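> Fold the following, please.
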Amino acid sequence: MVYDSGSPRVDAESDFMKVRRHQVLSALAARLRNDTDDVVQSLSFDEVVEALGRRGESYLGTKVIPLDAIVGSVDKVRDFDRRFRPTSGRSRERWERLSRASRTGEIIPPIDVYQVGGLYFVRDGHHRVSVARSLRLTVIEASVTAIDTFLTPVDIGARADLERKFWRRLMLERVPFTGEARAAVAVDDPLDYGVLAETVEAWGARTMHAEGAYIDKATMASRWYAEEFKPVVDMIEDAGVRGEDERPAAAYLRVAGERYRLIREHEWNAEVMDAVTRKGKKKR
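Below you'll find the predicted structure:
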């Protein structure tokens, strides 16, 4: 329930002081928890789109969107936190003017947003979003432009997630996995995606040399997954050398690196796996 003193001016001033106080306390708590800035700051639209890879856009018109799904900004990342509370008092007069207008029932124009999957990023209307959240509204009217991306925009909560998405996109552009293979070649360390791409490309080069024929990228990706990755992962599982929380692709890279370090070979057989198992077993 939003408090109403009967004076929209007084209530607007009180609202602003309240959201500023909550923002300061939230920032202080984050610092005490040693949280990084990217956890409390709103997400940058440009950084998200760069990580996911932009393909195109389409205008969806004006519709009602959930306020909780608005997670970032196009150009005011530092002016508002993740909950769209102002980070300073520079725009207090404008904020309070909008708050008074909202409390007195004035018509508030729709905000302008980009939609990336289920996330929204404000182009215009940051103060309107901030005021709406302070009044405990759950939805807001918005003019929406949808952005189509190379990667599916899921599991994005902080800038650390964007780094992993960025390197995964680069890997998939070099090695175009699809379907089951695309889902299987997931790792937690962003830099492992570069290693994975180099590994597949090296395998493709050796295969083309052995067969004396050119292999395009799509064929290389599907053959590597079927002829190299899946059999080796099965061997790793049978040998019990994959860590409890280790992804199959990460286990493959670790065991393959250990194999080459020990015997300088690219082949897989029972003897090779036995040697790797003795030296490279990861504790569960």
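
> Please count neighbours and contacts with C-alpha atoms only from this point.
Fine.

> Now do the contacts for the nearest residue to residue 76 once chain neighbours are set aside.
In this structure, residue 76 finds its nearest non-sequential neighbour in residue 126, 8.0 Å apart by C-alpha to C-alpha, 6 or more residues apart in numbering. Contact analysis of residue 126 by C-alpha atoms under 8 Å, 6 or more residues apart in numbering lists 73, 76, 84, 111.

> Got a quick PyMOL command for the buried subset of the residues you listed?
The PyMOL selection below is limited to those of these classed as buried (16 or more other C-alpha atoms under 10 Å):
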select buried, resi 73+76+84+111
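
> Which ones among the contacts of residue 126 map onto strands?
Taking DSSP state E, the ones among the contacts of residue 126 that sit in strands are 73, 111.

> could the contacts of residue 126 be laid out in TSV, adding distance to residue 167 and pLDDT?
Converted to TSV, the contacts of residue 126 look like this (distance: C-alpha to C-alpha, whole Å; pLDDT from 0 to 100):
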residue	distance to residue 167	pLDDT
73	23	93
76	26	88
84	29	89
111	33	96
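
> From the contacts of residue 126, pick the one nearest residue 209.
The closest of those to residue 209 turns out to be residue 73 (C-alpha to C-alpha; 49.6 Å).

> give me the beta-bridge partners of that closest one?
residue 44, residue 122 (DSSP bridges).

> same question, residue 111
Bridge pairing for residue 111 - DSSP bridges - gives residue 142.

> Could you pull up the contacting residues of it?
Neighbouring residues of residue 111 by C-alpha under 8 Å, 6+ apart: 122, 123, 124, 125, 126, 128, 129, 140, 141, 142, 143.

> ok, now with 10 Å
For residue 111, the contacting residues are 62, 122-129, 140-144, by C-alpha atoms under 10 Å, 6 or more residues apart in numbering.

> Distance check, it against residue 46.
19 Å (C-alpha to C-alpha, to the nearest Å).

> Could you do residue 10 as well?
Distance, residue 10 to residue 46, using C-alpha to C-alpha: 38 Å.

> Over to residue 22?
27 Å.

> quick one: residue 218 and residue 175 touch, right?
Yes: assessed by C-alpha atoms under 10 Å, residue 218 is found in contact with residue 175 at 7.1 Å.

> Comparing those two, which shows the higher neighbour count?
Set residue 218 next to residue 175 and count neighbours by other C-alpha atoms under 10 Å: residue 175 wins out with 22 against 13.

> mind listing what the more buried one touches?
Applying C-alpha under 10 Å, 6+ apart, one finds that residue 175 lies in contact with 169, 182, 196-198, 200-201, 216-222.

> at 7 Å instead, please
By C-alpha atoms under 7 Å, 6 or more residues apart in numbering, the contact list for residue 175 reads 197, 217, 221.

> and what of residue 208?
Going by C-alpha under 7 Å, 6+ apart, residue 208 touches 214, 215.

> secondary structure element for it?
Assessed by DSSP states H and E, residue 208 sits inside helix 192-211.

> quick one: average confidence on that helix?
Taken as a whole, helix 192-211 has a mean pLDDT of 94.

> go on, stretch 220-238?
Rounded mean pLDDT across stretch 220-238 is 93.

> Flag every buried residue along it.
For stretch 220-238, the neighbour count (16+ other C-alpha under 10 Å) marks 220-225, 228-230, 232-233, 235-236 as buried.

> Please save the CA atoms from it in PDB.
Extracted C-alpha coordinates of stretch 220-238, given in PDB (Å, rounded to 0.1, in the frame of the first residue of the first chain):
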ATOM      1  CA  MET A 220      33.900 -30.500 -39.300                       C
ATOM      2  CA  ALA A 221      31.700 -29.500 -36.300                       C
ATOM      3  CA  SER A 222      29.300 -32.500 -36.700                       C
ATOM      4  CA  ARG A 223      32.000 -35.000 -37.400                       C
ATOM      5  CA  TRP A 224      34.200 -33.900 -34.500                       C
ATOM      6  CA  TYR A 225      31.200 -34.200 -32.200                       C
ATOM      7  CA  ALA A 226      30.200 -37.700 -33.400                       C
ATOM      8  CA  GLU A 227      33.700 -39.100 -34.000                       C
ATOM      9  CA  GLU A 228      35.800 -37.500 -31.300                       C
ATOM     10  CA  PHE A 229      33.800 -35.800 -28.500                       C
ATOM     11  CA  LYS A 230      31.000 -38.300 -27.800                       C
ATOM     12  CA  PRO A 231      33.200 -41.400 -27.800                       C
ATOM     13  CA  VAL A 232      35.800 -39.700 -25.600                       C
ATOM     14  CA  VAL A 233      33.200 -38.400 -23.100                       C
ATOM     15  CA  ASP A 234      31.800 -42.000 -22.900                       C
ATOM     16  CA  MET A 235      35.300 -43.200 -22.100                       C
ATOM     17  CA  ILE A 236      35.800 -40.500 -19.500                       C
ATOM     18  CA  GLU A 237      32.500 -41.500 -17.800                       C
ATOM     19  CA  ASP A 238      33.400 -45.200 -17.900                       C
END
